[in-house]
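> 3D, please:
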Amino acid sequence: MPKVAVYNTAGSQVSEIELNDAVFGLEPNTDVMHEVVRAQLANKRQGTQSALTRAEVSGGGIKPWRQKGTGRARQGSTRSPQWTHGGIVFAPKPRSYAVSVNKKARRLAIRSALSAKVQANEIIVLDSLTLEEAKTKKMAAVLKALGAEKALIVTPGKDETVVRAAGNIPGVATTMADNLNVYDILKYEKFIITVDAVAKVEEVYSK
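Here you go, the predicted model:
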């Protein structure tokens with residue numbers, strides 16, 4: 001089992017913790033992580049873009065001028081794409097970009113991402129994360145003590161004080177242990193998680 005240091009909010013090591021091999025000790029599967037991240041980003045796309053085809057724009061109805069004898073190119077409709085205010089060729093229409101990934105692959109991808117963080121020494125385990133008040137200055141001081149500028153902070157449950165304190169710090173995000181996703185784990189340089197959150201993550205993903 002991989003062992004990592006446990007720190008307090010002042011940045012001092014207070015103990016060590018053994019992480020579950022089934023969650024934090026795997027050989028990262030980069031193919032599955034890529035597949036899940038791709039699906040996650042694709043599913044965020046709204047797919048609401050839309051433009052009008054020549055059948056939908058106003059105008060047309062008759063030829064703008066006769067076929068021959070005018071010295072101008074022949075035209076059949078003012079709704080043709082080459083006309084100003086004409087229709088769009090192959091106009092984009094609302095569609096879904098959703099990509100489906102099975103549950104087993106999603107869980108493997110999360111375990112792989114967590115294991116990758118451990119192997120890269122980018123995981124920071126805290127004994128606890130309790131702030132007296134939701135002040136950005138206090139959270140910034142904690143991050144500075146831990147040497148983490150861009151980080152994902154994971155708490156065992158919703159902690160409104162932590163969320164509000166970290167909300168205005170660029171490059172920092174918060175989430176709960178049961179709401180992890182591969183993209184966020186890999187996106188941020190440091191993965192900060194409390195001991196209680198580690199236990200919850202191992203409970204959810206070790207099965």
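
> Residues in contact with the helix or strand harbouring V162: which ones?
Using DSSP states H and E, the element containing V162 is helix 160-166. By CB atoms under 8 Å, 6 or more residues apart in numbering, the residues outside helix 160-166 that reach it are 129, 131, 133-136, 138-139, 153, 155, 172-174. C-beta: built from backbone N, CA, C; applies to glycine.

> Look up how far A148 lies from G171.
For G171, the distance to A148 (CB to CB, to the nearest Å) stands at 9 Å.

> So for those two, which sits in the more crowded spot?
In this comparison of G171 against A148, neighbours counted by other CB atoms under 10 Å, the higher total goes to A148 at 21 against 14.

> If we ignore the residues flanking it in sequence, what's nearest that one?
K190 (4.0 Å; CB to CB, 6 or more residues apart in numbering).

> Generate the PyMOL command that creates a selection of the buried members of the contacts of helix 160-166.
One line in PyMOL is enough to select the buried members of the contacts of helix 160-166, burial here meaning 16 or more other CB atoms under 10 Å:
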select buried, resi 129+131+134+139+153+155+172+173+174
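
> Take the contacts of helix 160-166 and keep only those in helices.
Secondary structure assignment by DSSP state H places 136, 138-139 of the contacts of helix 160-166 in helices.

> Would you reformat these as CSV and include pLDDT and distance to G60?
Written out in CSV, the entries for these read as follows (pLDDT from 0 to 100; distance: CB to CB, whole Å):
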residue, pLDDT, distance to G60
T136, 94, 59
K138, 93, 65
M139, 95, 61
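
> which one of those is nearest D159?
Compare each of those with D159 using CB to CB and the shortest gap goes to M139, at 11.3 Å.

> OK, contacts around the closest one?
131, 162, 165-166, 169, 172.
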